[in-house]
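*Asks:* A predicted structure for the sequence below; I have some questions about it.
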Amino acid sequence: MALAESALFSKEHDMPAKSKAQQMAAGAALSAKRGERKAGELQGASKSMYKSMSEKELQDMAATKRKGKPGHKH
């Protein structure tokens with residue numbers, strides 16, 4: 001994940017994803033939490049999310065509807 005995507009990571013974990021990039025990062029972190037992917041493969045925002053968010057928080061963020069979301073939030 002790019003540096004810009006890690007800036008999207010919010011300290012308020014109960015919020016839905018603000019962009020497609022943030023949703024995808026949450027999905028990658030969630031798959032690592034569930035053991036479907038190696039945590040060492042994560043980078044950037046997904047790595048931060050993996051370390052600091054619960055599986056439930058990641059699920060909520062990854063499940064955000066994409067319609068109307070920008071690719072990246074600037």
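*Replies:* Thanks, I have it.
*Asks:* so what's the backbone phi/psi at the residue nearest the centre of the chain?
*Replies:* When the chain is reduced to its mean C-alpha position, the closest residue under Cα atoms, centre = their mean turns out to be residue 26, at 2.2 Å. Phi and psi for residue 26, reported as degrees, to the nearest 10, are phi -60, psi -40.
*Asks:* Contact partners for it?
*Replies:* Each residue near residue 26 by Cβ atoms under 8 Å, 6 or more residues apart in numbering is listed here: 17, 46, 49, 53, 58, 61-62. All C-beta spots, glycine's among them, are computed from the backbone N, C-alpha and C.
*Asks:* now do 10 Å
*Replies:* 9, 13, 16-17, 45-46, 49-50, 53, 57-64 (Cβ atoms under 10 Å, 6 or more residues apart in numbering).
*Asks:* can you pull out the helices in the chain?
*Replies:* For the chain, the helices defined by DSSP state H occupy 3-8, 20-33, 45-52, 55-62.
*Asks:* so which of those gets nearest residue 68?
*Replies:* helix 20-33 (10.3 Å; Cβ to Cβ).
*Asks:* Next, count neighbours for residue 67.
*Replies:* Per other Cβ atoms under 10 Å, the neighbour tally for residue 67 reads 5.
*Asks:* do you know how far it is from residue 53?
*Replies:* 23 Å (Cβ to Cβ, to the nearest Å).
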